[in-house]
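S.K.: Please work out how this folds:
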Amino acid sequence: MSPPKSSGIDLSDDDLDCLSISELEKRALGRMDKQTRDYYNEGADSGVTLLDNIMAYQMYRIRPRIMRDVSSIDSSVVVFGHRSSAPFGIAPAAMQKLAHPDGELATARACARRGIVMGLSSFSTTTIEDVRQASGRMPNALQLYLFEDRSHSRDLIARAKMAGYKAVILTVDTPVLGRRRLEIRNQFRLPSHLEIANFASHATESEVKSSSTEEGNNLPDGYATRAPQITFHTHGPNPTLEWKETMKWLKHEAWPMQVWLKGILTPEDASLAVEHGADGIIVSNHGGRQLDGALATLDALPDIVAVVGRRIPVHVDGGIRLGSDIFKALALGADFCWVGRPALWGLAYKGQVGVELCLRLLIDEFRRCMGLSGVTEVKQIGPDYLCKVGRSGFVSRL
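M.R.: Presented below is the predicted three-dimensional model:
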């Protein structure tokens, strides 16, 4: 028997080659060139944190409740003042045209069709304005690096504000860059037919002179850039950020957009984020691409949720591969989740159609998890629905 329409589980358009995110990953990897595949999927150094992000979800088990009427399930939540069809969004990821010629536009259109929020990387291969237009009624957040030359960041903020973005998300975990061995070995660089769209023709005169005479001097061995281009490797790291001055400047420049901080892993820094006026935080370790050996985001989440005490929203990213992973993160106190690599795999697989497939798989899995757990609204999901697997292999209540 087919499930009732009110359940919202979509079985009508299955891709029989891709019935899960893991299958989507396998299909996508065969369609990427080696440089792109390695760039998207690598973690820093030995990849310990990259793997821990995924494994952390496997240390929890769901405690389902039965004999509840789950004929009508509502998986929607409000984020950035808009209603999203599910409690997750697509995380900002750089240079999406590496995966597919339509790049960020395909991702934005897929999110708009599925009612999902999209974050845009500063280092996108599509402009802020074009992504906003493609996103329709769904809100966008601009992921921001605060460059040492703040004129570039100020320009991005002004453009995002003018285009109608709802938030800027400052990435705070890049005082220096994590060492990604495959990027170095592959001599990673953006192909000549692509550009970092938001910085096209925006280099200053001093940068042009410097890059023409000392190209690569400030980059780790193996990195390269085409002068005078602004790239993540040349401009992303900033060791000068500090709480009081940075937040005061950013909140002034971004208003009336919200200011979020991405890269929080400790309750101490979460408390400082609240103290200095952040509108929200994202518990993140940069997808395992910065400090290898750092906490898995799911492991860091409960202590941060406790210290924030619902004063501001707490989101989480990293390692999400299943709809049940989203359920577990919400049960541990997250208000919302961000999904990164799976969307890139969908993009590489079939462009917009592949991203829509990724979204549908996660939405359907999450809604099914809700129904099988006896939950009809996201706000009902809490720690009572989880237990944890200890080192002994036994499970215990939270």
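
S.K.: List the contacts of the nearest residue to residue 374 once chain neighbours are set aside.
M.R.: Residue nearest to residue 374 in three dimensions, not counting chain neighbours: residue 65, with 3.3 Å by CB to CB, 6 or more residues apart in numbering. (Each C-beta comes from the backbone N, C-alpha and C, glycine too.) By CB atoms under 8 Å, 6 or more residues apart in numbering, the residues touching residue 65 are 373, 374, 375, 385.

S.K.: Residue 20 versus residue 361, what's the distance?
M.R.: As judged by CB to CB, to the nearest Å, residue 361 and residue 20 stand 7 Å apart.

S.K.: the more surrounded of those two?
M.R.: residue 361 (24 against 12; other CB atoms under 10 Å).

S.K.: which SSE is the more buried one in?
M.R.: Secondary structure from DSSP states H and E places residue 361 in helix 341-373.

S.K.: what's downstream of that helix, the next helix or strand?
M.R.: Past helix 341-373, the next helix or strand by DSSP H and E is strand 386-389.

S.K.: I'd assumed residue 337 was in a strand, is it?
M.R.: Yes - counting by DSSP: H, G, I helix; E, B strand; the rest coil, residue 337 falls inside a strand.

S.K.: Would you confirm that it contacts residue 316?
M.R.: Yes - using CB atoms under 8 Å, residue 337 is in contact with residue 316, at 5.7 Å.

S.K.: overlap in contacts of these two?
M.R.: Common contacts of residue 337 and residue 316 (CB under 8 Å, 6+ apart): residue 329.

S.K.: Pick out the residue nearest the middle of the chain.
M.R.: Nearest to the geometric centre of the chain sits residue 91, at 2.4 Å (CA atoms, centre = their mean).

S.K.: what about the strands in the stretch 1-150 of the chain?
M.R.: Along the stretch 1-150 of the chain, counting by DSSP state E, counting those that start in this stretch, strands occupy 60-62, 77-79, 82-84, 88-90, 118-121, 140-144.

S.K.: Show me what the third one is packed against.
M.R.: Strand 82-84 is packed against strand 77-79, with contacts defined by 3 or more CB pairs under 8 Å, 6 or more residues apart in numbering; DSSP states H and E.

S.K.: same deal with the first one?
M.R.: Counting contacts by 3+ CB pairs under 8 Å, 6+ apart, the secondary-structure elements packed against strand 60-62 are helix 323-331, strand 386-389.

S.K.: Deepest-packed of the ones you listed, please.
M.R.: helix 323-331 (a mean of 25; mean count of other CB atoms under 10 Å).

S.K.: sorry, back to before: ok, now how distant is the residue nearest to the centre of the chain from residue 267?
M.R.: 22 Å.

S.K.: ok, now residue 33?
M.R.: To residue 267, residue 33 is 42 Å away according to CB to CB.

S.K.: Which of these two has more residues huddled nearby?
M.R.: More neighbours surround residue 267 than the other of residue 33 and residue 267, with 16 against 12 (other CB under 10 Å).

S.K.: pLDDT score for the more buried one?
M.R.: Note for residue 267: predicted pLDDT of 98.

S.K.: Would you mind listing the buried residues in stretch 134-149?
M.R.: 134, 135, 138, 139, 140, 141, 142, 143, 144, 145, 146, 147 (16 or more other CB atoms under 10 Å).

S.K.: who are the neighbours in contact with the residue lying closest to the second one once chain neighbours are set aside?
M.R.: Read it as residue 135. Nearest residue to residue 135 in three dimensions, chain neighbours excluded: residue 108, at 4.7 Å (CB to CB, 6+ apart). Residues near residue 108 by CB under 8 Å, 6+ apart: 118, 131, 134, 135, 140.

S.K.: Also residue 74?
M.R.: Residue 74 is in contact with 376, 377, 378, counting by CB under 8 Å, 6+ apart.

S.K.: Can you check the pLDDT for the last one?
M.R.: According to the per-residue confidence, residue 378 scores 98 in pLDDT.

S.K.: Let me know whether it touches residue 330 as I believe.
M.R.: Yes - in this structure, residue 378 is within contact of residue 330 by CB under 8 Å, at 6.6 Å.

S.K.: Need the overlap of contacts for those two.
M.R.: Shared contacts of residue 378 and residue 330, defined by CB under 8 Å, 6+ apart, are found at residue 87.

S.K.: The stretch 201-350 of the chain: strands as residue ranges?
M.R.: 258-264, 280-283, 314-317, 336-339.

S.K.: Direction included, what does the third one pair up with?
M.R.: Taking DSSP bridges as the criterion, strand 314-317 forms sheet pairs with strand 280-283 (parallel), strand 336-339 (parallel).

S.K.: what's the answer for the first one, then?
M.R.: In the sheet containing strand 258-264, its partner strands are strand 167-171 (parallel), strand 280-283 (parallel), by DSSP bridges.

S.K.: Any buried residues in that strand, and which?
M.R.: Applying 16+ other CB under 10 Å to strand 258-264 flags 258, 259, 260, 261, 262, 263, 264 as buried.

S.K.: for stretch 128-135, same thing?
M.R.: By 16+ other CB under 10 Å, the buried positions in stretch 128-135 come out as 128, 130, 131, 132, 134, 135.
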